[in-house]
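K.L.:
Can you look at this prediction? I've put the sequence above it.
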Amino acid sequence: KNVLLLLAIISGLLSCAPEEPTDLTQNNVIPKPVSVTATGKAFRLSEQTKIYVQAGSNLEATAQYLQDKLTPATGFQLTVEAVSEAPSEGIFLTTTNDSELGNEGYALQIDKKLLTLQVNKAEGAFRGIQTIRQLLPLSIASSSVQQADWMIPTGTIHDFPEYEFRGTMLDVARHFLGAEDVKHFMDLMAYYKFNVLHLHLTDDQGWRIEIKSWPKLTEIGGSTEVGGGEGGFFTQEQYTDLVNYAAERFITIIPEIDMPGHTNAALASYAELNCDGKATELYTGTEVGFSTLCTDKEITYAFIDDVIGELASLTPGPYIHIGGDESHVTKKEDYIPFIERVQDLVYAHGKTMIGWDEVTLAKLDKRSIAQYWSSAENAKNAVQQGVKVIMSPAKKAYLDMQYDSLSPLGLHWAGYVEVDTGYDWDPVKLEKEIGRDNILGIEAPLWTETVTNRADMEYLVFPRLAGYAEIGWSPTEGKSWDEYKVRLAAHGNQYDTWGINYYRSKLVPWN
Ligand code: TNX
């Protein structure tokens with residue numbers, strides 16, 4: 001009888017005890033890690049947990065970032081402490097020498113008492129921390145203290161990216177999005193292990209970066225936007241602040257000055273940049289391809305030299321993007337020498353040139369990079385010239401395409417991009433000319449003709465962004481939409497917690 005009573009008490013206790021998540025392979029991490037093994041127990045974060053960092057390593061800032069991410073929802077102190085030997089419990093960030101991991105890879109060893117994150121570089125620790133965030137119960141995303149059992153299943157994760165370039169783009173020219181919105185966007189990029197933010201800073205409708213030697217670019221050219229709103233621009237100080245914010249997240253900002261087309265904002269600001277010497281009117285519509293810098297005037301190149309010079313000095317990263325797309329009113333015989341001359345200016349300022357795929361009509365430096373968006377012909381030119389390609393196929397990767405015909409925001413000139421369409425493609429299989437070796441990586445651009453504020457931006461970006469993250473990071477082999485959509489559904493809960501205005505696609509089994 002006593003034995004039975006005891007058994008009843010024990011089983012009662014067991015059923016009250018929270019169920020331990022013990023299978024690490026059943027995680028919802030996006031992008032999907034390269035390899036995961038489960039060992040069937042659970043690590044628990046508690047009041048007593050400390051974050052240790054190997055003394056003398058450069059991992060302290062990332063450890064601090066982890067603390068910042070775990071504190072609000074848990075309410076735990078989780079102090080960061082440098083140690084010279086591996087601790088027996090807690091979280092431990094340490095360096096290793098594992099060539100397979102590269103700069104951004106990481107190895108996670110999760111035991112019952114100790115969670116160890118091993119990396120070659122701080123960058124890898126930052127990426128690995130995103131995985132840790134995603135392994136914890138969903139309520140970890142909350143900004144206020146939550147009652148939860150903060151457990152992670154035990155096992156190991158060995159993870160590193162497929163592509164070294166994993167980017168997104170924000171067009172702040174069509175509609176200006178301020179520094180706070182850009183930072184918010186970067187926080188979400190970081191969560192998905194993106195490492196490049198391309199800022200489309202100038203277009204027909206607006207010039208968004210202060211150039212001290214040509215102040216009217218922002219005074220006049222920055223004064224409006226699509227639809228006639230007040231526009232805006234980043235001062236150089238604000239821009240530098242963004243660059244630093246990006247660097248803390250191991251994100252490189254690529255500034256784009258689009259030319260010779262898409263330049264009406266500059267042409268309206270300075271009469272002398274026009275072939276006829278007359279300033280154009282400011283433009284607030286959404287047509288493309290009607291403007292061009294005057295390619296035969298010397299002042300055009302003096303102007304570009306000044307702009308690239310100032311931009312290069314604000315840019316610690318290696319790249320300057322010169323646009324080059326849709327220059328429909330620039331004659332081909334003017335366009336080609338123009339691009340070649342601008343390319344020289346970029347290298348003279350110590351930067352590597354990127355251009356939209358049309359720039360491959362010109363003779364490119366081998367170091368230059370072409371950004372493919374729709375032309376198979378241009379893709380072929382790039383490969384023949386031996387330049388690397390960033391894959392941004394409009395019909396798959398354009399964040400400004402409508403999800404379907406009912407989407408309240410977005411365009412559809414390249415088609416509708418439902419969440420599965422955005423996820424289910426392989427950069428290597430898109431154009432037969434472009435093979436794996438030609439591809440530097442992928443980028444998902446958000447053009448903002450229809451995007452007027454943060455909520456609009458979030459609606460087009462989420463949940464598609466998660467899919468581009470996975471294409472850029474995870475091995476292609478074994479990928480499946482049916483498996484992915486279940487993980488994505490869990491991310492919907494995070495978006496709810498963060499108050500993100502995302503598209504609740506019917507194709508995803510949201511919780
Ligand atoms: C094409 S793609 C453009 C942009 C537009 C976008 C709208 C490319 C290099 N140029 O100027 O904003 O389509 O989807």
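P.N.:
Everything's here; your move. Numbering: from 1, shown residues only.
K.L.:
Confirm that Ile157 lies within a helix, as I assumed.
P.N.:
No - when classified by DSSP: H, G, I helix; E, B strand; the rest coil, Ile157 is found to be strand rather than part of a helix.
K.L.:
I'd like the mean pLDDT over whatever helix or strand Lys485 lives in, please.
P.N.:
Remark: Lys485 resides in helix 481-498, with elements defined by DSSP states H and E. For helix 481-498, mean pLDDT rounds to 97.
K.L.:
Quick check: the residue of the stretch 1-150 of the chain nearest the ligand.
P.N.:
As assessed by C-beta to the nearest ligand atom, the ligand sits closest to Pro31 within the stretch 1-150 of the chain, at 24.7 Å. For every residue, glycine as well, the C-beta is placed using N, CA and C.
K.L.:
how close does the residue nearest to that residue when sequence neighbours are not counted get to Val329?
P.N.:
Spatial nearest neighbour of Pro31, chain neighbours left out: Trp473 (3.7 Å); criterion: C-beta to C-beta, 6 or more residues apart in numbering. For Trp473, the distance to Val329 equals 40 Å [C-beta to C-beta, to the nearest Å].
K.L.:
neighbour-wise, which of those two wins?
P.N.:
Trp473 (26 against 11; other C-beta atoms under 10 Å).
K.L.:
and that one, what does it touch?
P.N.:
By C-beta atoms under 8 Å, 6 or more residues apart in numbering, the contact set of Trp473 is Pro31, Lys32, Pro161, Glu162, Tyr163, Arg166, Lys193.
K.L.:
how about 6 Å then?
P.N.:
Taking C-beta atoms under 6 Å, 6 or more residues apart in numbering, we find Trp473 in contact with Pro31, Pro161, Lys193.
K.L.:
domains of the protein?
P.N.:
Per automatic domain parsing, the structural domains of the chain span 18-159, 165-475+490-498.
K.L.:
Tell me which helix or strand the residue of the stretch 251-400 of the chain found nearest the ligand sits in.
P.N.:
Going by C-beta to the nearest ligand atom, the ligand is nearest to Asp325 of the stretch 251-400 of the chain, at 3.4 Å. Under the criterion of DSSP H and E, Asp325 resides outside all helices and strands.
K.L.:
Quick check, it in contact with Ile354.
P.N.:
No - the pair Asp325 and Ile354 does not pass the contact test of C-beta atoms under 6 Å, sitting 11.6 Å apart.
K.L.:
neighbour count winner among these two?
P.N.:
Ile354 (26 against 22).
K.L.:
what does the stretch 351-500 of the chain put close to the ligand?
P.N.:
Contacts of the stretch 351-500 of the chain with the ligand, taken as C-beta under 6 Å from any ligand atom, map to Trp356, Trp373, Tyr398, Asp400, Leu411, Trp447, Glu449.
K.L.:
Out of those residues, which comes closest to Leu114?
P.N.:
For these, the residue nearest Leu114 by C-beta to C-beta is Tyr398; the value is 44.3 Å.
K.L.:
Any chance of TSV for the domains of the chain, columns distance to Pro509?
P.N.:
Shown next, in TSV, are those (distance: least, C-beta to C-beta, whole Å):
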stretch	distance to Pro509
domain 18-159	12
domain 165-475+490-498	9
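K.L.:
Give me the residues contacting stretch 322-333.
P.N.:
Under C-beta under 6 Å, 6+ apart, the answer for stretch 322-333 is 256, 258-262, 288-289, 292, 335, 339, 342, 353, 355-356, 358-359.
K.L.:
So for it, mean pLDDT?
P.N.:
If you average the pLDDT over stretch 322-333, you get 97.
K.L.:
Also stretch 412-425?
P.N.:
What stretch 412-425 shows for mean pLDDT is 98.
K.L.:
Alpha carbons only: can I get that stretch in PDB?
P.N.:
Taking Å, rounded to 0.1, in the frame of the first residue of the first chain, the C-alpha atoms of stretch 412-425 are listed here in PDB:
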ATOM      1  CA  HIS A 412       4.200  42.900 -59.300                       C
ATOM      2  CA  TRP A 413       6.200  43.600 -62.400                       C
ATOM      3  CA  ALA A 414       8.400  40.600 -61.700                       C
ATOM      4  CA  GLY A 415       5.500  38.400 -60.400                       C
ATOM      5  CA  TYR A 416       4.000  37.600 -57.100                       C
ATOM      6  CA  VAL A 417       6.400  36.300 -54.500                       C
ATOM      7  CA  GLU A 418       4.500  34.200 -51.900                       C
ATOM      8  CA  VAL A 419       6.400  33.100 -48.900                       C
ATOM      9  CA  ASP A 420       7.100  29.600 -50.500                       C
ATOM     10  CA  THR A 421       8.300  31.200 -53.800                       C
ATOM     11  CA  GLY A 422      10.700  33.400 -51.900                       C
ATOM     12  CA  TYR A 423      12.100  30.400 -50.000                       C
ATOM     13  CA  ASP A 424      12.100  27.600 -52.600                       C
ATOM     14  CA  TRP A 425      14.900  28.400 -55.000                       C
END
